[in-house]
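Participant: sequence first, then the predicted structure, then my questions.
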Amino acid sequence: MIELKKPQIVILGAGYGGLVTAVRLQKKLNVNEAEITLINKHNYHYETTWLHEASAGTLHHDRVRYEIPSVIDQSKVKLVEDTVIEVNKEAKIVVCENNKEIPYDYLVIALGAESETFGIEGLKEYAFSISSVNKARHIREHIEHQFALYAQDKKEERLTIVVGGAGFTGIEFIGELANRVPGLCKEYDIDQKKVRIICVEAAPSALPGFDPELVSYAVARLEKKGVEFMIGTPIKGCTEEGIIVGKGEEETEMIPAGTVVWAAGVRGSSIIDKSEFENMRGRVKVEPTLLAPGHEDVFVIGDCSLVINEEINRPYPPTAQISMQQAEVCAKNIVALVRGGQLEDFEYKPKGTVCSLGDDDAIGVVFGKKLKGTSASIMKKIIDNRALYMAGGLSLMLKKGKFKFL
Ligand code: FAD
Ligand code: NAD
């Protein structure tokens, strides 16, 4: 008897979108129905939403990651540890660094985000971005190195840390940094008054668009811990010595700094541009079914996708929350394609947003209710634990979760 070739399902990226798609598919499909391949740069998944903690050094980088084989059924999902270079849509092949060519019948692109520097000079060369475990580890070590050098040469700019952007990433990172600095000063025998954490934001407010009362609370709490805010101040450039900010119409000012972290913009993966998908800053405006326009076999989810909020006619912000919801629908739609059935439309159901201000404080709006302080901080940990549960069930949540609530 001739054995029919099983459809090849290939998932690119084992972040929130890709990993949740893989674990849902392994439950829904039998081994004789399809072959599932998950391609990821590393053999571990990391919680992107915890990277600011690893970057500040308030959480060890091993706490923010876990091995992918611990949550996938390897009899159903083949993990390929490799870097995707591009997708050849005509040949239906994924080109990778080591495995060269991996054919697909159905493809899920979930490669996440990259830092967007908007062409601002020097940022790529001299500023850090909080975008992977390796980069987070580098930021933490760089800050520690600057503190260690200061203890020897007393160059005060070494103790200045500039964070570009007071969006959610910038504010969450600053919250962790503000908590870490007292310990660092003790460790390196440094007078804490000499340390400067400066947050530079171009918009007229921190966390633009978020609830103004909660934003005021956040700014006041961080200022109390010594953070300086430069609001309505665009970053214009970066050099080895520090950051250049705009002052008024024409003028600029140089702020000497030992560490510059750019947290002022993200875009979708450059693999999207390279593979010639129609996109806006690496994000594909997907069909309601999450298929890429003009394709019946390529789904795009997570930070590489763009879904319009019809109420305001603007894209939903790229978040882990939307990525995991998309993964559920994406898995169902792939099953429908494999078995022959109707595709479902994705409908985003936002549950709210919580922004941490360090381990012990936060602000948020959840199901329309405003939260701040301890209640918001507890909610943030519940959300973090839920993401673990979604990918790896109760055992992963108990192993890696955050249970120090007070
Ligand atoms: P990711 O989860 O980033 O995963 C992408 C995966 O693809 C990674 O495993 C990566 O290694 C892999 N990959 C990338 N390129 C390649 C390649 N070329 N080849 C192979 N593999 C590759 N959102 C929230 O909802 N709540 C939060 O509290 C929150 N906090 C955040 C805090 C920080 C510091 C940051 C940076 C973001 C935060 N976000 C939060 C946003 C959220 O993390 C992203 O929207 C989410 O991670 C997107 O999921 P994804 O699956 O698209 O990509
Ligand atoms: P963002 O785009 O949301 O914020 C970037 C900030 O940088 C903005 O406030 C912008 O005005 C500012 N900015 C841009 N150019 C600038 C310049 N030249 N100089 C100074 N400031 C400048 O980016 P993000 O904070 O990295 O967030 C990315 C995505 O991840 C968003 O969708 C966000 O909702 C999500 N996220 C969510 C959470 C959470 O829910 N707790 C945490 C982190 C990130």
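Facilitator: Done, it's in. Only a predicted model underlies this, so the values are computations on that prediction, with no experimental measurement involved. Numbers count the residues shown, from 1 in each chain. Ligands and ions are numbered 1, 2, ... in the order given.
Participant: please make it C-alpha for all contacts and neighbour counts, starting now.
Facilitator: Will do.
Participant: need the contact list for the residue of the stretch 1-150 of the chain found nearest ligand 2.
Facilitator: Proximity of the stretch 1-150 of the chain to ligand 2 (Cα to the nearest ligand atom) peaks at residue 49, 6.4 Å away. By Cα atoms under 8 Å, 6 or more residues apart in numbering, the contact set of residue 49 is 320, 384.
Participant: doesn't it fall inside a helix?
Facilitator: Yes - counting by DSSP: H, G, I helix; E, B strand; the rest coil, residue 49 falls inside a helix.
Participant: report the mean per-residue pLDDT for stretch 182-191.
Facilitator: Stretch 182-191 shows a mean pLDDT of 97.
Participant: and the pLDDT at residue 249?
Facilitator: On the pLDDT scale, residue 249 gets 82.
Participant: again, but for the one 3 residues further on
Facilitator: Among the per-residue scores, residue 252 holds a pLDDT of 95.
Participant: the closest residue to it other than its chain neighbours and residue 253, how far apart?
Facilitator: Distance criterion Cα to Cα, 6 or more residues apart in numbering; nearest residue to residue 252, sequence neighbours excluded, is residue 246 at 4.4 Å. Using Cα to Cα, to the nearest Å, residue 246 is found at 6 Å from residue 253.
Participant: with residue 238 instead?
Facilitator: Taking Cα to Cα, one finds residue 238 at 11 Å from residue 253.
Participant: residue 378 too?
Facilitator: Going from residue 378 to residue 253 by Cα to Cα gives 40 Å.
Participant: who's more crowded, those two?
Facilitator: residue 378 (22 against 12; other Cα atoms under 10 Å).
Participant: so the more buried one is in which element?
Facilitator: Element membership for residue 378 (DSSP states H and E) is helix 374-400.
Participant: buried set for that helix?
Facilitator: Across helix 374-400, burial judged by 16 or more other Cα atoms under 10 Å covers 374-381, 383-392, 396-397, 400.
Participant: show me where the protein dips below the pLDDT cut-off.
Facilitator: 1-4 (pLDDT under 70).
Participant: what parts of it come near ligand 2?
Facilitator: Proximity of the chain to ligand 2, by Cα under 6 Å from any ligand atom, involves residues 164-170, 200-203, 207-208, 234-235, 263-266, 317-319, 353-355.
Participant: buried subset of those residues, written for ChimeraX?
Facilitator: Burial among the residues of the chain next to ligand 2 is assessed by 16+ other Cα under 10 Å; the matching ChimeraX selection reads:
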select :164,165,166,167,168,169,170,200,201,202,203,207,234,235,263,264,265,266,318,353,354,355
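Participant: the residues of the chain next to ligand 2 in helices, which ones?
Facilitator: Counting by DSSP state H, the residues of the chain next to ligand 2 place 168-170 in helices.
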